[in-house]
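Student: sequence isn't available, so here's the structure alone:
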């Protein structure tokens, strides 16, 4: 598998002692305590984000799930089974059976599986959770519904659990459509984040340095542009 670019952090919000970060990019390049794999009752490798996780985790994960499959292992909607994370940058991989979509009332189903995940993560005393946006073609839930369910549940949990061991939530989007929906929801709930403009920043620094009779070396300019891409 080709090595992808580092995921881009779109925004970061701190609520009490816990941070919610929103990323766009390859989930397998992000490290943390627990990574979520949206699956079905049979722990299948589903199209979309689940397949990406399987491929990133490698042979060890397939071996573990094969053993469970031969034993007739099944989980119900919202239930979780934990395995090692294989080659992924996490300590554990939590496989969650995503509830069947209900077009008349989808949000409570999203909240249910997230609440179960948070309880599970607390029991493991982990400090961070990586949450991918669900794949619409596979799980039916839209990015807008996921954004609403994720942010509403996480914010409510953080405000109600001041002593939680969970210090960081990393929400990961794979597409522009997903990230736009999550950015819009985050802005609605947590306020607008001012985006840094590298050219405006360089102009401001140059202005200040010119007053002191100095210039920014080209090497430093290149590094600044690189950090802001």
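Tutor: That came through, no problem. All values derive from a computational prediction rather than experimental measurement.

Student: what residues sit buried inside the host helix or strand of residue 148?
Tutor: Element membership for residue 148, per DSSP states H and E: helix 143-160. If you call a residue buried by 16 or more other C-beta atoms under 10 Å, then helix 143-160 has these buried ones: 143-155, 157-158. Every C-beta, even on glycine, is put in place using the N, C-alpha and C of the backbone.

Student: and if you look at stretch 51-62?
Tutor: Those would be 52, 53, 54, 56, 57, 61, for stretch 51-62 by 16+ other C-beta under 10 Å.

Student: next: stretch 95-108.
Tutor: Result for stretch 95-108 [16+ other C-beta under 10 Å]: buried residues 95, 96, 97, 98, 99, 106.

Student: so which of those residues are in strands?
Tutor: 95, 96, 97 (DSSP state E).

Student: for those residues, which one is nearest residue 84?
Tutor: Closest approach between those and residue 84, by C-beta to C-beta: residue 95, at 11.6 Å.

Student: quick one: contacts for the closest one?
Tutor: 37, 39, 43, 65, 75, 80, 81, 82, 83 (C-beta atoms under 8 Å, 6 or more residues apart in numbering).

Student: give me the beta-bridge partners of the first one?
Tutor: Pointing back at residue 37 there. residue 95 (DSSP bridges).

Student: and the gap between it and residue 178?
Tutor: Remark: distance between residue 37 and residue 178 (C-beta to C-beta, to the nearest Å) = 17 Å.

Student: again, but for the third one
Tutor: Between residue 43 and residue 178 the distance, using C-beta to C-beta, works out to 24 Å.

Student: same check, this time on residue 6
Tutor: Residue 6 is 18 Å from residue 178, by C-beta to C-beta.

Student: please consider this matter closed, and thank you.
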